[in-house]
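Asks: for reference, the sequence and a predicted model appear below.
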Amino acid sequence: MSWEDICSRCGFCCHEKVVMGDFLIISERCCEFFDEESRLCKVYDKRFKVCSRCRKVTPLRASLVSYLPPTCSYVMWAKRHHIRLRRDKEMVFSDESGFPG
Ligand code: SF4
Ligand code: SF4
């Protein structure tokens, strides 16, 4: 299995989100290159060129970043390998207004 195959294509990393204390607030609003129907990136092969906010999920990020949800397959991978260095955040979903629904 390749590193890319680990991704479950849930698409949460392509939503706007903010980390506040123990919470990861995930907005309904997505990156403009995200196809909400297929939940896939429309520009996958050139995503880092066309989207300055897009970040590759590396083993280091899987281990360290707080903005990936606990349900992310890479976060779970990091936990299985005992290299996850962040506590899980509680996922809260917000509507278009930005307030938790
Ligand atoms: S450019 Fe990056 S953040 Fe935007 S949809 Fe594609 S993978 Fe997601
Ligand atoms: S949150 Fe994780 S599993 Fe879901 S699409 Fe993003 S990288 Fe893949």
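Replies: It's in. Ligands and ions are numbered 1, 2, ... in the order given.

Asks: quick check, central residue of the chain?
Replies: Cys13 (2.2 Å; Cα atoms, centre = their mean).

Asks: ok, that residue touching Ser73?
Replies: No. Cys13 lies out of contact with Ser73 (Cβ atoms under 8 Å); the separation is 10.6 Å. All C-beta atoms are positioned from the backbone trio N, CA, C, and that covers glycine.

Asks: returning to that earlier point: give the helix, strand or coil label for the residue nearest to the centre of the chain.
Replies: helix (DSSP: H, G, I helix; E, B strand; the rest coil).

Asks: can you pull the contacts of Leu24?
Replies: 17-18, 66-67, 69, 89-92 (Cβ atoms under 8 Å, 6 or more residues apart in numbering).

Asks: tell me the buried residues in the top helix by length along the chain?
Replies: For the chain, the longest helix by residue count, based on DSSP state H, is helix 73-80. Within helix 73-80, the residues that count as buried by 16 or more other Cβ atoms under 10 Å are 73-75, 77-78.

Asks: go on, stretch 19-38?
Replies: Buried, per 16+ other Cβ under 10 Å, within stretch 19-38: 24-27, 31, 33-34.

Asks: could you say what helices and strands the helix or strand in which Ser63 is found packs with?
Replies: Using DSSP states H and E, Ser63 falls within helix 59-64. With contacts defined as 3 or more Cβ pairs under 8 Å, 6 or more residues apart in numbering; DSSP states H and E, the packing partners of helix 59-64 are helix 73-80.

Asks: by contact count, what packs against the next helix or strand after the helix it packs on?
Replies: Where DSSP H and E defines the elements, the next helix or strand beyond helix 73-80 is strand 90-94. The contact analysis (3+ Cβ pairs under 8 Å, 6+ apart) places strand 90-94 against strand 23-30.

Asks: how many residues are close by Cys72?
Replies: 20 (other Cβ atoms under 10 Å).
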